[in-house]
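In: Just a sequence and a predicted model for now, questions to come.
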Amino acid sequence: MDFAEFISFWTHSATRIVSRYFIFAGSAFFIFYVLLKRPLWFRKIQKRMPRLSDYGRDIFYSLITVSIFATVAFVVLFVARPYTNLYKDIATYGTAYYLFTWVWMLFLHDTWFYWMHRLMHHPLLFKHVHLVHHKSTNPSPWTAYAFHPLEALVEVGIVPLIAFTLPVHAPALGLFFLFQIIYNVYGHLGFELYPKNFHKTLIGRWINTSVAHNLHHKRFKGNYGLYFLFWDRLMGTLREDYDSTYEATTQKAPEKMPQTMS
């Protein structure tokens, strides 16, 4: 491997990751913060808009995060690829196993995120690392990748964790991280998209929502999950105001946007 190969692979990875970030975060921002802001205002979790400086800070740190993600992807998927458990042909393990690995990746990533997230809330790590992400107390789609470099390195640790554990279809890994950025943008959207009473349904009570993560940004404690609420419910870290906030956000009667808001 020469320097040109490194630059080529890294550039390809960085371009793919940053493109996904701007496509999904940018699209969500345009739809909810520009195009449909007024008619969907009753679905806005915090009844105020982030500041322009919040958007700029989030994008700045997200670009740093992308460079770190691309570097780790290069190491795992290019340099160490022969030693990973990634495979190319679905037929190698069959369709049933392929579908199982999606469940596996979801639960593995959610578990990794929950415990690393709680660790980031240790006073020392929070003050010097995780605070960067929490400066957005009223998050927007641009907050999805706004991490301190050390936290970005921890976040992307899920890539080698998946690659070196159970065999996973290589293209499925790429699709999984496409799903990850989409759900991450939703988690920081600032608007709730799930229907009223979803949080009380058999399935919905275990699913992490934009309300749940928004409360975490606003209050700084509780609701540490990524895709699910399993660990939060099991460990007693689901916020007590989650249900009431979800219900207030998804009420049927549209709440008009204040005239002073733009």
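Out: Structure received.

In: Would you map the helices across the stretch 51-200 of the chain?
Out: 52-74, 95-120, 123-125, 131-134, 149-155, 158-163, 170-187 (DSSP state H, counting those that start in this stretch).

In: Okay, buried residues for the second one please.
Out: Judged by neighbour count using 16 or more other C-beta atoms under 10 Å, the buried positions of helix 95-120 are 98, 101, 105-106, 108-114, 116-117, 120. (Glycine included, C-beta is placed from N, CA and C.)

In: any idea of the angle that helix forms with helix 170-187?
Out: With axes from the mean of the first three to the mean of the last three C-alpha atoms, to 10 degrees defining the directions, helix 95-120 sits at 40 degrees from helix 170-187.

In: now for helix 95-120, which elements pack on it?
Out: Using 3 or more C-beta pairs under 8 Å, 6 or more residues apart in numbering; DSSP states H and E, the elements in contact with helix 95-120 are helix 149-155, helix 158-163, strand 168-169, helix 170-187, helix 230-235.

In: The first one too?
Out: In terms of contact count using 3+ C-beta pairs under 8 Å, 6+ apart, helix 52-74 is assigned the packing partners helix 3-30, helix 149-155, helix 158-163.

In: Let's have the helices and strands packed on helix 95-120 in a markdown table, adding mean pLDDT.
Out: Compiled in a markdown table, those are given as follows (pLDDT from 0 to 100):
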| stretch | mean pLDDT |
| --- | --- |
| helix 149-155 | 97 |
| helix 158-163 | 97 |
| strand 168-169 | 97 |
| helix 170-187 | 97 |
| helix 230-235 | 98 |
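
In: which non-adjacent residue is nearest the residue nearest in space to the middle of the chain?
Out: In the chain, the centroid-proximal residue (C-alpha atoms, centre = their mean) is Asn184; its distance is 2.5 Å. Spatial nearest neighbour of Asn184, chain neighbours left out: Ala144 (4.3 Å); criterion: C-beta to C-beta, 6 or more residues apart in numbering.
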